[in-house]
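Student: heads up, no residue letters with this:
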């Protein structure tokens, strides 16, 4: 998990959450303005770098390289990822399962070659979910790839909500919202929903309820911001 720096002019009671871990490091502390400036400079550097580069479109490879090449060596997967309940794995490597997002991202590709900036198939960048896994288990043949939009329309059992929450957790982390805080909110919602509905707090169905509730709260927060801007 990424650490959030404390500025030399931060007020402890306003900045450090109750029972939060604090790590003391050697070196000169930055002010809030210096931290803000450093982030803006880093964002500008990344933006400029990406304007002239492309990201590899092969499954599991996030390398960037100059548009038009030369293309670097690539280690990738041949099939899309599968997210089923809490399990995460590449459908070409079903025996290598992970139950944590960071662990999933560390699963090495099963093929080697060179990076590409062109999609080989119209179905690229798609996912397999719980329905696909059940279809295969029931002899339904090759699972049909589903778009992210379809994937986010969770099945009634809520198993499709897990990857949505994982992606939201990752994005919020990039916005300096600690993963631990997100996990705490999700766990609290699961317990609250379970107490109201008698649902299994560890079951997959409850994740669909959590996803919907977080969505509504985020929508309300954004509407409130929009109102303040009027």
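Tutor: The structure has been received and is ready for your questions. In this text, all values refer to a predicted model and were calculated from it rather than measured experimentally. Numbers count the residues shown, from 1 in each chain.

Student: tell me which element the spatially most central residue of the chain is part of?
Tutor: A centroid search over the chain (Cα atoms, centre = their mean) returns residue 167, at 2.5 Å, as the residue closest to the centre. In this structure, residue 167 sits in helix 161-174 according to DSSP states H and E.

Student: and that helix, what does it pack onto?
Tutor: Of the remaining helices and strands, those touching helix 161-174 by 3 or more Cβ pairs under 8 Å, 6 or more residues apart in numbering; DSSP states H and E are strand 81-84, helix 101-105, helix 148-152, helix 179-197, helix 205-228. C-beta coordinates here come from the backbone N, C-alpha and C atoms, glycine included.

Student: Please list the outside residues in contact with the fourth one.
Tutor: Residues from elsewhere that reach helix 179-197 (Cβ atoms under 8 Å, 6 or more residues apart in numbering): 1, 17, 165, 168-169, 172-173, 199-201, 206-207, 209-210, 213-214.

Student: top of the residues you listed by neighbour count?
Tutor: Counting neighbours by other Cβ atoms under 10 Å, residue 207 comes out on top of these with 25 neighbours.

Student: Might one say that that one is in contact with residue 165?
Tutor: Yes: using Cβ atoms under 8 Å as the test, residue 207 is close enough to residue 165 to be in contact (6.5 Å).

Student: hang on, residue 15 packs against residue 6?
Tutor: Yes: in this structure, residue 15 is within contact of residue 6 by Cβ under 8 Å, at 6.3 Å.

Student: Which of the two has more residues huddled nearby?
Tutor: More neighbours sit around residue 6 than around the other of residue 15 and residue 6, counting by other Cβ under 10 Å; the figures are 18 against 12.

Student: That one is in what secondary structure piece?
Tutor: Applying DSSP H and E, one finds residue 6 in no helix or strand.

Student: Hmm, it is touching residue 16, no?
Tutor: Yes: because the distance of 7.4 Å satisfies Cβ under 8 Å, residue 6 is recorded as touching residue 16.

Student: Quickly list what's touching both of those two.
Tutor: Residues touching both residue 6 and residue 16 (Cβ under 8 Å, 6+ apart) are residue 22.

Student: Tabulate the helices and strands packed on helix 161-174 in CSV, adding columns for distance to residue 43 and mean pLDDT.
Tutor: Formatted as CSV, the entries for the helices and strands packed on helix 161-174 read as follows, by distance: least, Cβ to Cβ, whole Å; pLDDT from 0 to 100:
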stretch, distance to residue 43, mean pLDDT
strand 81-84, 28, 82
helix 101-105, 22, 83
helix 148-152, 25, 44
helix 179-197, 20, 83
helix 205-228, 21, 87
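
Student: Just the closest of the contacts of helix 179-197 to residue 68, please.
Tutor: Nearest to residue 68 among those is residue 173, at 32.3 Å by Cβ to Cβ.
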